[in-house]
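Asks: A predicted structure for the sequence below; I have some questions about it.
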Amino acid sequence: MSPRPFVFAFRFVLAFALAGAAGGRPAAASMDAHANAIAALADVRATVDEIVRIEDGFAVGHAAYVRAAHRALNALVGRRDDGYVASFGDSGDGVGALGHIDALLDTEGTSLWTPAIEGAKANVLAAAENLQTATREREMEEYQGDLTHALANLALVAGRTSQGGVFGGLSGALANTSLAVPRGAASVSGCGLPARAPSYGVVSERLAYVALPRADAATKLPGEIDVRRVVVRGDEVVLYTAASAEAAALCAHATAQRSTARLERTRHVAEGAHAAGLFTLPQAQAGAEVYRRYCIACHGADLQGTAGPGVAGTEFLTTAHANRWHLSDLRTTVVENMPFSNPGSLTPAQYADVLAFLLASNCYPAGAVPFPTAQRPQFATIALASSAATVRPKSKAGTCAVVPK
């Protein structure tokens, strides 16, 4: 059975992805990512046209078929590739689909569209191998089989506008990601309605919509966009893409995260505000001397811990917050269990002083009233958290210095 019917089948599939992609282009190095993707599609189209031309034409003879395969290969790989043979001519732009794709992949860092472009390159190389094999065939049936395989791989290079990732190919990347935005075009947040048109709404590199002036919607619609929904807003038309649903979900998630963060900040400030002013500076200074005499051996001169755990700074407050410790927990631990070698051996005033020192070392501000010698019910409502401390830390450990008297 002749592979010829498959040529027409792949030609039909490619027609949608490649429509409007033809035309001369400058060197890949001088082009932006969007332009390189468009130019790569144009060269794929030139390759496909060259393959099917021999089927549609009346040329006969082995030489004509070999020439067609070489011209198709030239358009695919570009003049910088070893497979390029100038004497057969070039139906593409000279850079070749492979040259434009390499320029895309040479972009610093990775993008959401990178996997699609990497997949497209793999399929371009496979199609190029099919075409090289075709130039060496002696039998027409084998030649047509090679071209059918090349067209199958080129269909994957072009991909579909309705898909993202590797299976979307060049068309999917241009239809669903920030690769759709041409140089100089306005790229805005896709989480809200556009403030102006034309503009491209982008969310985490996903193309949510294209907004166009109403007068231009019929004539300037980007050919690569797979429009799923159209909204008319006065003099503007907003064209939502296949990626718009995913973009909307990302927007909703980001909004929820910001709302949660605001609530957490509000809660911490509200809780921590009660810890401010619970001791005086002289009391904290007196507590520094108590700490030096009875606590420093286990908890260290920098309060970061030696034989015992750290009792001040970023790490301590992070642990306290994670375990939902309150001021009452800190007081109970200190008064009932410290010093470790002789628990409860200090006077109530000494315990109050050292607790004032610990609060000051954790960057809580002093007030006019000394820390009490007795437990207070409100201590159980005052959470320990770094966001509640309003004084800027003075050390890398996140502690504030307290000078002894």
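Replies: Yep, that arrived.
Asks: going forward, measure contacts and count neighbours with C-alpha atoms only.
Replies: Noted.
Asks: mind giving me the domain split of this structure?
Replies: According to the domain assignment given by automatic domain parsing, the chain is divided into the following structural domains: 4-179, 184-246, 274-388.
Asks: export these to TSV and tack on distance to residue 255 and mean pLDDT?
Replies: Compiled in TSV, the domains of the chain are given as follows (distance: least, CA to CA, whole Å; pLDDT from 0 to 100):
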stretch	distance to residue 255	mean pLDDT
domain 4-179	21	81
domain 184-246	10	84
domain 274-388	22	89
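Asks: so of those domains, which one's packed in deepest?
Replies: Sort the domains of the chain by mean neighbour count, taking mean count of other CA atoms under 10 Å, and domain 4-179 sits at the top with a mean of 21.
Asks: What are the phi and psi values at residue 375?
Replies: phi -60, psi 140 (degrees, to the nearest 10).
Asks: Dump the domains of the chain to a markdown table, plus distance to residue 397.
Replies: Conversion of the domains of the chain to a markdown table gives the following (distance: least, CA to CA, whole Å):
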| stretch | distance to residue 397 |
| --- | --- |
| domain 4-179 | 34 |
| domain 184-246 | 35 |
| domain 274-388 | 5 |
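Asks: and residue 201, that's in a strand?
Replies: Yes: counting by DSSP: H, G, I helix; E, B strand; the rest coil, residue 201 is found in a strand.
Asks: That one and residue 195 touch, don't they?
Replies: No: in this structure residue 201 lies outside contact range of residue 195 using CA atoms under 8 Å: 10.3 Å.
Asks: could you pull out the helices for the protein?
Replies: Using DSSP state H, the helices assigned to the chain run over residues 4-18, 33-56, 62-77, 96-105, 114-134, 140-158, 169-176, 244-273, 281-294, 296-299, 314-322, 327-337, 348-361.
Asks: how about those, which one is nearest residue 89?
Replies: With distances scored as CA to CA, the stretch of the helices of the chain nearest to residue 89 is helix 62-77 (5.8 Å).
Asks: hmm, who's touching that closest one?
Replies: The contact list for helix 62-77 (CA atoms under 8 Å, 6 or more residues apart in numbering) reads 43-44, 46-48, 50-51, 54, 83-86, 88-99, 124, 128, 131-132, 134-136, 138.
Asks: Repeat that for stretch 150-169.
Replies: Residues from elsewhere that reach stretch 150-169 (CA under 8 Å, 6+ apart): 7, 10-11, 13-14, 17-18, 41, 44, 48, 112-113, 115-121, 123-124, 126-128, 130-131, 170-176, 224-226, 242.
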